[in-house]
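Asks: Got a sequence here, can you model it:
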Amino acid sequence: MEREVVRLRCQRIGCNATFTEDDNPEGSCQYHDSPIFHDGMKEWSCCKKRSHDFTLFLEIPGCKTGKHTTEKPVLAKATASPKNPIPPPTAATTTNLSSKESCPRCKQGFFCSDHGSQAKQAPLARSNVGTQGSSAPPKMVVDINQPQTCRNQGCGKTFKEKDNHETACSYHPGPAVFHDRLRGWKCCDVHVKEFDEFMSIPPCTKGWHNADPAS
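Replies: Numbering: from 1, shown residues only. Sure, this is the predicted structure:
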């Protein structure tokens, strides 16, 4: 009797591929170590590659190789300080400024009623206007039998357009939220503390697979 082939899901960060125990050679897995989040920037601790956009951050190719594994990685607690930490105030002449530097909302660029509007809001607003004003490029015409990778957040599965339908994909419409050491999704209002827990939050929405992240 032919043995049933069991496909497993790799738990390394940045991989998420499927494999079998008989087909798992050294170097088949491409992955990252733990991520670092600071002031809206997402950075991989292993290769120092970074991005402000969470979707683009997850698409950065893994910098390490090895075998696939079903064991979840043990992430080191975030103890690294930023490369250019804010020095402690040396004079008491700018009390209000010091309170801005220590205020978590001000440091994240959000409006704070105690300290007024922040200068960080201006570039964010310009960035949003530019994104909304630009027209999306037309979709590429692909063969219905061509394997594609879904770019919806929380999916990442390989699919063929002939098998695509309105409930084929399970994903998060987002956006991803990182605030006060919590990671979560605004769409389903689920927030956790650890990054591996965040990556394991079940998708909350059904829809079509989408290989075009710009659409």
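Asks: okay, CA-based contacts and neighbour counts for the rest of this
Replies: Will do.
Asks: what about C155, distance to D39?
Replies: 26 Å (C-alpha to C-alpha, to the nearest Å).
Asks: So those two - more neighbours on which side?
Replies: C155 (18 against 13; other C-alpha atoms under 10 Å).
Asks: among the helices and strands of this structure, which has the poorest mean pLDDT?
Replies: Ranked by mean pLDDT, DSSP states H and E, the helix or strand of the chain with the weakest confidence is helix 121-133, at a mean of 44.
Asks: P203 contacts C169, doesn't it?
Replies: No: here P203 does not reach C169: they are 9.3 Å apart, not a contact under C-alpha atoms under 8 Å.
Asks: So between the two, which is more surrounded?
Replies: Using other C-alpha under 10 Å, the more surrounded residue of P203 and C169 is C169, with 22 against 19.
Asks: quick one: that one from K157, how far?
Replies: Relative to K157, and taking C-alpha to C-alpha, C169 is found at 8 Å.
Asks: Then K193?
Replies: Applying C-alpha to C-alpha to K193 and K157 gives a distance of 26 Å.
Asks: Counting neighbours around each, name which of the two comes out higher.
Replies: More neighbours surround K157 than the other of K193 and K157, with 19 against 14 (other C-alpha under 10 Å).
Asks: Which pLDDT value goes with that one?
Replies: pLDDT for K157: 87.
Asks: Just to check, it is in contact with N164?
Replies: No: K157 is beyond contact range of N164, at 11.6 Å (criterion: C-alpha under 8 Å).
Asks: got the contact list for D33?
Replies: 13, 44-46, 75 (C-alpha atoms under 8 Å, 6 or more residues apart in numbering).
Asks: Please indicate which of the residues you listed are buried?
Replies: In the contacts of D33, burial by neighbour count holds for 13, 44, counting by 16 or more other C-alpha atoms under 10 Å.
Asks: wait, which of the contacts of D33 is closest to L56?
Replies: Distance to L56 across the contacts of D33 (C-alpha to C-alpha) is lowest for W44, with 12.2 Å.
Asks: Enumerate every residue touching that closest one.
Replies: 32-36, 50.
Asks: Sort out which of the residues you listed are in strands and list them.
Replies: 35-36, 50 (DSSP state E).
Asks: I'd like those residues laid out as a markdown table, including neighbour count, distance to V6 and pLDDT.
Replies: Shown next, in a markdown table, are the ones in strands among the contacts of W44 (neighbours: other C-alpha atoms under 10 Å; distance: C-alpha to C-alpha, whole Å; pLDDT from 0 to 100):
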| residue | neighbour count | distance to V6 | pLDDT |
| --- | --- | --- | --- |
| P35 | 21 | 30 | 85 |
| I36 | 20 | 34 | 83 |
| R50 | 19 | 35 | 86 |
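Asks: Now distance to H179 too, for these, in JSON lines please.
Replies: Formatted as JSON lines, the ones in strands among the contacts of W44 follow (distance: C-alpha to C-alpha, whole Å):
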{"residue": "P35", "distance to H179": "15"}
{"residue": "I36", "distance to H179": "13"}
{"residue": "R50", "distance to H179": "18"}
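Asks: Understood, closing this out.
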